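Enquirer: build me a model:
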Amino acid sequence: MVPNQHRPHPKGMTALFLHYVRDMKSAACTAPLALLLTASVLLTGPVHAQQMNWVLVDEARGGREIPIDLRFDPSMQVARPLVVIGHGFAMTSGDYDDLSAAIVGAGFNVALVDTESGLAPSHEDFGLDLAFVATHAAQEVGGDLGGLISGNSALVGHSMGGGAAWLGAAEMGGNLGAVVGWAPAETNPSALAAAASIEAPALVISGTADAITPQATQHLPLFDALDPDICRAFASLEEGGHCGFADSGTLCDFGEFGFSGMPRATQQFHTAALTIAWLQHHLLADPTAWMAFENHGETEAAVNLDIACSNLSLTGEMAIQRATCHPNPVRETLFLEVPANTDAITIRSSDGRIMHHWHPQQPPHIDVATWPPGVYFLALEGTGQAGHKLCQTLRFIKTP
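Expert: The predicted structure is shown next:
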């Protein structure tokens with residue numbers, strides 16, 4: 001087979017220093033501190049991200065060219081993991097400047113893939129493009145990034161790009177470090193069917209007010225279809241929308257015209273905090289990242305986290321023994337099976353309202369017959385052998 005080739009993008013390899021400013025598409029902007037000063041990222045000020053365009057060539061697919069928009073910190077001295085980002089339908093790589101800047105500032109290289117941006121995209125090709133970039137960029141990208149991309153990578157995608165990230169993650173198997181879907185959408189071929197083959201830790205971030213790819217029919221099924229043995233988490237943002245993951249002024253906003261839910265800056269703040277903590281834990285083995293991930297869900301009222309991982313908390317010498325609730329879905333009575341070291345349970349609705357407090361002195365069941373139908377999050381708190389706080393979050397569905 002002919003070796004895979006690469007060449008500079010036709011636009012040239014001139015590096016542009018970008019200081020990102022929200023809502024401005026120019027070559028001189030400033031990264032919003034709200035995105036950078038999150039609970040999981042310790043930064044002291046704006047990050048100067050350098051941009052470089054490159055084209056990878058996949059000879060195995062007839063010499064298919066894959067243009068990528070690379071963002072990185074020019075001051076880095078060692079190779080860093082690569083986060084490959086896939087855009088939404090009829091969008092481009094330039095529509096995610098804000099979140100890209102935050103991810104670069106947290107210690108990663110970013111590659112925004114600029115294929116399949118037309119009105120008749122191939123989801124299959126897009127997923128393969130994401131996987132190809134994640135697999136080959138470390139060896140084939142040169143210029144100012146030559147030798148500074150490590151072999152550890154993650155796929156992140158918004159909407160169509162989220163579904164394509166599921167396809168790419170299934171293609172890569174155990175060679176991928178993590179995958180994140182921002183309001184991921186079903187694709188053709190099916191991302192839902194591919195989910196069971198994903199081996200990488202998977203995070204879904206979903207807005208409850210998303211009317212383009214609704215939480216109940218898109219995001220939750222793509223999460224539930226994941227292999228139950230992998231580390232996975234579902235983050236529900238109260239009143240979050242579909243287009244809040246992208247910059248302001250993109251074509252996505254036309255599809256969500258008149259949206260009055262969570263402000264874009266707030267949604268991107270939560271998205272950056274959760275995404276970065278997830279990546280720092282799984283790609284960098286940062287010992288504080290998992291705590292930051294859990295704490296964001298516990299301290300931010302607009303965020304509900306459903307975590308299903310064997311490493312539920314790194315703050316204790318052992319995770320809380322796995323609790324369960326059944327039946328799920330439930331109509332009238334929810335039964336609990338909890339370990340002896342459970343201290344309390346709090347149940348919240350998907351919009352953050354506290355529905356019930358439970359303590360071990362009470363019977364192990366809860367009457368939910370009068371609760372509105374929807375998704376609910378059950379947060380358990382326990383105490384480890386050394387007095388450490390241990391946590392677990394479950395999700396259940398209340399039916400009419």
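Enquirer: so where's the protein shaky on pLDDT?
Expert: Residue ranges of the chain with pLDDT under 70: 1-48, 310-322, 384-391.
Enquirer: for Ala216, give me phi and psi.
Expert: Dihedral angles phi and psi of Ala216 (degrees, to the nearest 10) take the values phi -70, psi -30.
Enquirer: ok, and for stretch 168-175, which residues are buried?
Expert: The neighbour-count check on stretch 168-175 (16 or more other Cβ atoms under 10 Å) flags Gly168, Ala169, Ala170, Glu171, Met172 as buried. Bear in mind the C-beta positions are built from the backbone N, C-alpha and C, glycine included.
Enquirer: residues contacting the nearest residue to Glu337 once chain neighbours are set aside?
Expert: Spatial nearest neighbour of Glu337, chain neighbours left out: Thr324 (4.7 Å); criterion: Cβ to Cβ, 6 or more residues apart in numbering. Applying Cβ atoms under 8 Å, 6 or more residues apart in numbering, we find Thr324 in contact with Leu336, Glu337, Leu394.
Enquirer: okay, Thr324 and Ala235: tell me how far apart.
Expert: 21 Å (Cβ to Cβ, to the nearest Å).
Enquirer: cool, and Leu119?
Expert: The value you get for Leu119 to Ala235, if Cβ to Cβ is used, is 30 Å.
Enquirer: likewise His123?
Expert: From His123 over to Ala235 (counting by Cβ to Cβ), the distance is 24 Å.
Enquirer: have a look at those two and say which one is more surrounded.
Expert: Ala235 (28 against 22; other Cβ atoms under 10 Å).
Enquirer: quickly list what the more buried one is bridged to.
Expert: Ile205, Leu305 (DSSP bridges).
Enquirer: pretty sure it sits against Ser206.
Expert: Yes: with contact defined as Cβ atoms under 8 Å, Ala235 counts as touching Ser206 (6.9 Å).
Enquirer: phi, psi for Asn53 please.
Expert: phi -100, psi 140.
Enquirer: to clarify, my last question referred to Ala200.
Expert: According to degrees, to the nearest 10, Ala200 has phi -80, psi 150.
Enquirer: assess the claim that it and Gly177 are in contact.
Expert: Yes: in this structure, Ala200 is within contact of Gly177 by Cβ under 8 Å, at 6.3 Å.
Enquirer: could you check which of these two is surrounded by more residues?
Expert: Shown here are Ala200 and Gly177; by other Cβ under 10 Å, Ala200 has more neighbours (25 against 22).
Enquirer: just give the closest residue to the more buried one, not the sequence neighbours.
Expert: Closest to Ala200 by Cβ to Cβ, 6+ apart is Leu176, at 4.1 Å.
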